[in-house]
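Colleague: sequence below, structure please.
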Amino acid sequence: MAGHAVEGLINWLRRDEWRAAFEDLMDEHLGEACEAIDGSADDLATLIGAETFMVLWGCVFEDFLTLENEDGGNIVAISGNGVEPGIHERPPQFGDEPL
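Modeller: Numbers count the residues shown, from 1 in each chain. Below you'll find the model as predicted:
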């Protein structure tokens with residue numbers, strides 16, 4: 001059950017209204033490391049390996065879940081309200097599109 005909830009949050013993270021904020025937070029968390037290797041997050045992932053990079057991604061994701069938007073809501077509260085995407089709509093699967 002918890003895995004399904006996390007998958008739903010990851011799907012919501014792909015939405016335009018959340019994507020830029022998540023990318024900004026990724027930069028905040030990983031920017032210094034990317035600067036140190038003079039590369040991108042993809043370069044960092046190649047350097048440290050996909051599994052290790054996903055641990056870092058998970059840390060950023062957990063941090064993101066606690067952030068509030070300008071209306072005082074966050075992705076956890078908003079995605080759980082059942083408004084969008086429609087409950088019968090098939091959400092994109094992890095890996096269907098880049099984050």
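Colleague: in this structure, which spans are helices?
Modeller: In the chain, the segments counted as helices under DSSP state H are 2-13, 16-36, 41-48, 50-65, 75-79.
Colleague: tell me the phi and psi of residue 40?
Modeller: Dihedral angles of residue 40 (phi, psi; degrees, to the nearest 10) stand at phi -100, psi 180.
Colleague: isn't it right up against residue 31?
Modeller: No. Between residue 40 and residue 31 there is no contact under CB atoms under 8 Å: 10.3 Å. (C-beta placed from N, C-alpha, C; glycine too.)
Colleague: quick one: low-confidence parts of the chain?
Modeller: Residues of the chain that meet the criterion pLDDT under 70 lie in 1-6, 8, 12, 69, 73-99.
Colleague: and the closest residue to residue 60 other than its chain neighbours, what is it in contact with?
Modeller: Sequence neighbours aside, residue 29 is the residue nearest to residue 60 in space, at 4.8 Å (criterion: CB to CB, 6 or more residues apart in numbering). By CB atoms under 8 Å, 6 or more residues apart in numbering, the residues touching residue 29 are 56, 59, 60, 63.
Colleague: filter these down to the buried ones and hand me the PyMOL line.
Modeller: Applying 16 or more other CB atoms under 10 Å to the contacts of residue 29 leaves a buried subset, and the PyMOL line that selects it is:
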select buried, resi 56+60
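Colleague: between the contacts of residue 29, which is closest to residue 20?
Modeller: Comparing the contacts of residue 29 against residue 20 with CB to CB places residue 60 closest, at 13.9 Å.
Colleague: right, I'll leave it there.
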